[in-house]
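Undergrad: what follows is a predicted protein model with its sequence.
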Amino acid sequence: MEAPSVASAVFGKLTMNFAIPEELLEYQDSVYEFAKEYIRPSTEQRDRDSEWNPEIWKKMGQMGLLGLPFPEEYGGQGADCLTTTLATEAFSRGSTDGGLTLAWGAHTIIGSMPIALCGTEEQKQRYLPRLATGEWIAGLGLTEPGSGSDAAGSMSARAEKKGDRYVLNGSKMFITNGPIGDVFTVMAVTDKAKGPMGISVFIVEKDFKGFSVGKKLNKMGMRTSTTSELVFEDMEVPEENLISRENTGFLRVGKATLEWERTVLVASGVGFMTYMLEEAVQYAKQRKQFGEAIFRFQSIQDKIARARMKIDTSRLLVYSSAAKKDRGIPTPIESSIAKLYATEAAIEVGYDMGQIFGGYCFIHEYPVERAYRDARLGTLGGGTSEIMRSIIAANLA
Ligand SMILES: Cc1cc2nc3c(=O)[nH]c(=O)nc-3n(C[C@H](O)[C@H](O)[C@H](O)COP(=O)(O)OP(=O)(O)OC[C@H]3O[C@@H](n4cnc5c(N)ncnc54)[C@H](O)[C@@H]3O)c2cc1C
């Protein structure tokens, strides 16, 4: 019997393809320019005041960003995963607004893609066009006060079928866009005995009786996004708001959305890192100590070179995972590696670029301070670094 090649035995078929069409790069530039011109000037103030700005959101809708990956017949742009990833990186780098990039990702990817990927025709028609313009804002309700990493195993929100409706009880914690959202895709247990195979996902509207929103959480970073608990008390959800079939919420709908999350949302970290490097290089060239620009000191150059290396590596991992996904190749391991590497790199780059700013990195007005705080969420949200490591290692067990 022929031995498997080293590559296929350990990593599966290597299918990297590095060509990115010119028009896609031009589109990426246009998103960068829009975010830099229109959003960056107010980012520092909105971060300081933890302010949500509906005007900016409306403008993002007009730019086609809010429904970027939705099919065109439902008001979207029909963008694939790589295009959405490139746009997210450019938006984060141009706007320097991690919170708004997160709110956009929570709306477009984790909140809406379950409907776009697995919804019925009626669900797509009712929700996607309004979500694409930004008239409605979406979010995902998965995490609970008592269940995070073990989201499926410890889930306690329950949905019980009563006639033509489901009655939901429970609560969801840390929900991005919670205080401002109109529509949430919410996971709840429909058959406890089946564990992860007994979870369903529902489209919940904020006006449903029994729905309420907890107080806005005061966060360390991502402060331009809003986060809260969602509470369901005997909340009635019409049966037509079940996405896909009963008990397929976690393994089918969740899985379909997860790989999008672990490439598109992670791309914002690549944007932060690039921005922090740009700022630090500029500062190092003009800041003089001991009679010369600090850029000339070897230990400063070491930080700059390492940052560049980590950014390029993260970018390649994220793009490669997105491009593979677009070719129909499942990427559970690649997207976990991309998330783990890029989010940890963003914190390391934030630390090193801050060091270049000396004491100024500790002052709010200096841009690296905000990016460093925003980057902290990366290793926590959407599956922690510890969980990414266990997924990657389990694949090799
Ligand atoms: C700002 C923000 C926005 C968020 N937005 C959303 C959202 O929109 N929707 C949503 O559903 N959720 C959201 N989350 C929740 C986020 O995804 C969870 O915080 C995350 O999954 C971790 O869950 P936890 O906080 O309960 O930590 P826990 O699961 O309690 O973990 C605590 C620690 O234990 C470790 N740990 C747990 N299990 C293991 C294990 N098996 N092996 C090794 N270590 C382990 C973890 O890595 C971590 O270090 C958001 C969180 C934040 C902070």
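TA: Yep, that arrived.
Undergrad: give the buried residues for the helix or strand hosting Ala159.
TA: Assigned by DSSP states H and E, Ala159 falls within strand 158-162. In terms of neighbour count (16 or more other C-beta atoms under 10 Å), strand 158-162 has its buried residues at Ala159. C-betas here are computed from N, CA, C, even on glycine.
Undergrad: check stretch 297-315 too.
TA: Here stretch 297-315 shows Ile300, Lys303, Ile304, Ala307, Lys310, Ile311, Ser314, Arg315 as buried, counting by 16+ other C-beta under 10 Å.
Undergrad: ok, Gly221 - how many residues close by?
TA: Neighbours of Gly221 under the rule other C-beta atoms under 10 Å: 19.
Undergrad: please disregard the earlier target; I meant Lys206.
TA: The number of residues near Lys206, taken as other C-beta under 10 Å, comes to 16.
Undergrad: quick check: phi and psi at it.
TA: Dihedral angles of Lys206 (phi, psi; degrees, to the nearest 10) stand at phi -60, psi -20.
Undergrad: so who does it touch?
TA: Gly181, Asp182, Val183, Phe184, Val213 (C-beta atoms under 8 Å, 6 or more residues apart in numbering).
Undergrad: what's the residue lying closest to the third one once chain neighbours are set aside sitting at in phi/psi?
TA: Spelled out, it's Val183. Spatial nearest neighbour of Val183, chain neighbours left out: Ala138 (4.8 Å); criterion: C-beta to C-beta, 6 or more residues apart in numbering. Ala138 adopts backbone torsions of phi -110, psi 160, taken as degrees, to the nearest 10.
Undergrad: quick thing: my sequence starts at 574, can you match it?
TA: Will do, 574 is the new start, and the previous item becomes Ala711.
Undergrad: part of a strand, is Leu713?
TA: Yes. Per DSSP: H, G, I helix; E, B strand; the rest coil, Leu713 lies within a strand segment.
Undergrad: and the gap between Glu921 and Arg949?
TA: Separation of Glu921 from Arg949 (C-beta to C-beta, to the nearest Å): 12 Å.
Undergrad: okay, now Arg818: neighbour count?
TA: A total of 11 residues lie near Arg818 under the criterion other C-beta under 10 Å.
Undergrad: stretch 703-718: which residues count as buried?
TA: 703-707, 709-717.
Undergrad: picking up where we left off before, among the contacts of Lys779, which pair sits farthest apart?
TA: Comparing all pairs in the contacts of Lys779 by C-beta to C-beta, the longest separation belongs to Val756 and Val786, at 13.1 Å.
Undergrad: okay, those two: which has more neighbours?
TA: It is Val756, of Val756 and Val786, that has more neighbours when counted by other C-beta under 10 Å, with 23 against 16.
Undergrad: what's the spacing between the closest residue to Ala829 other than its chain neighbours and the ligand?
TA: Distances taken as C-beta to C-beta, 6+ apart put Leu690 closest to Ala829, at 4.6 Å, once the chain neighbours are dropped. Distance, Leu690 to the ligand, using C-beta to the nearest ligand atom, to the nearest Å: 17 Å.
Undergrad: what's the answer for Asp723, then?
TA: Going from Asp723 to the ligand by C-beta to the nearest ligand atom gives 6 Å.
Undergrad: and what about that residue, helix, strand or coil?
TA: Secondary structure, three-state DSSP: Asp723 is coil.
Undergrad: ok, the one residue in the chain that gets nearest to the ligand - contacts?
TA: Closest approach between the chain and the ligand, counting by C-beta to the nearest ligand atom: Gly721, at 1.8 Å. Taking C-beta under 8 Å, 6+ apart, we find Gly721 in contact with Met746.
Undergrad: hmm, Trp677 is touching Phe664, no?
TA: Yes. Distance between Trp677 and Phe664: 7.0 Å, which falls inside the contact criterion (C-beta atoms under 8 Å).
Undergrad: spit out the residues that contact the two alike.
TA: Residues touching both Trp677 and Phe664 (C-beta under 8 Å, 6+ apart): Leu638.
Undergrad: so between Glu921 and Arg949, which is more surrounded?
TA: Set Glu921 next to Arg949 and count neighbours by other C-beta under 10 Å: Arg949 wins out with 18 against 15.
Undergrad: ramachandran angles for the more buried one?
TA: Phi and psi for Arg949, reported as degrees, to the nearest 10, are phi -60, psi -30.
Undergrad: how about it, what does it touch?
TA: Each residue near Arg949 by C-beta under 8 Å, 6+ apart is listed here: Met793, Gly794, Ile920.
Undergrad: burial count for Asp780?
TA: 7.
Undergrad: ok, now how distant is it from Asp807?
TA: 15 Å.
Undergrad: how close does the nearest residue in space to Glu695 that is not next to it in sequence get to Arg699?
TA: In this structure, Glu695 finds its nearest non-sequential neighbour in Glu813, 6.5 Å apart by C-beta to C-beta, 6+ apart. Distance, Glu813 to Arg699, using C-beta to C-beta: 9 Å.
Undergrad: repeat for Ile965
TA: Per C-beta to C-beta, Ile965 is found 39 Å from Arg699.
Undergrad: list the helices and strands the top helix by length along the chain packs on?
TA: Identified as the longest helix of the chain according to DSSP state H is helix 871-899. Packing partners of helix 871-899 (3 or more C-beta pairs under 8 Å, 6 or more residues apart in numbering; DSSP states H and E): helix 654-668, helix 828-833, helix 839-859, helix 905-929.
Undergrad: most packed of those helices?
TA: Per residue and on average, the most neighbours among the helices and strands packed on helix 871-899 fall to helix 654-668, with a mean of 27 (mean count of other C-beta atoms under 10 Å).
Undergrad: now that helix against helix 871-899, angle please.
TA: With axes from the mean of the first three to the mean of the last three C-alpha atoms, to 10 degrees applied, the angle from helix 654-668 to helix 871-899 works out at 150 degrees.
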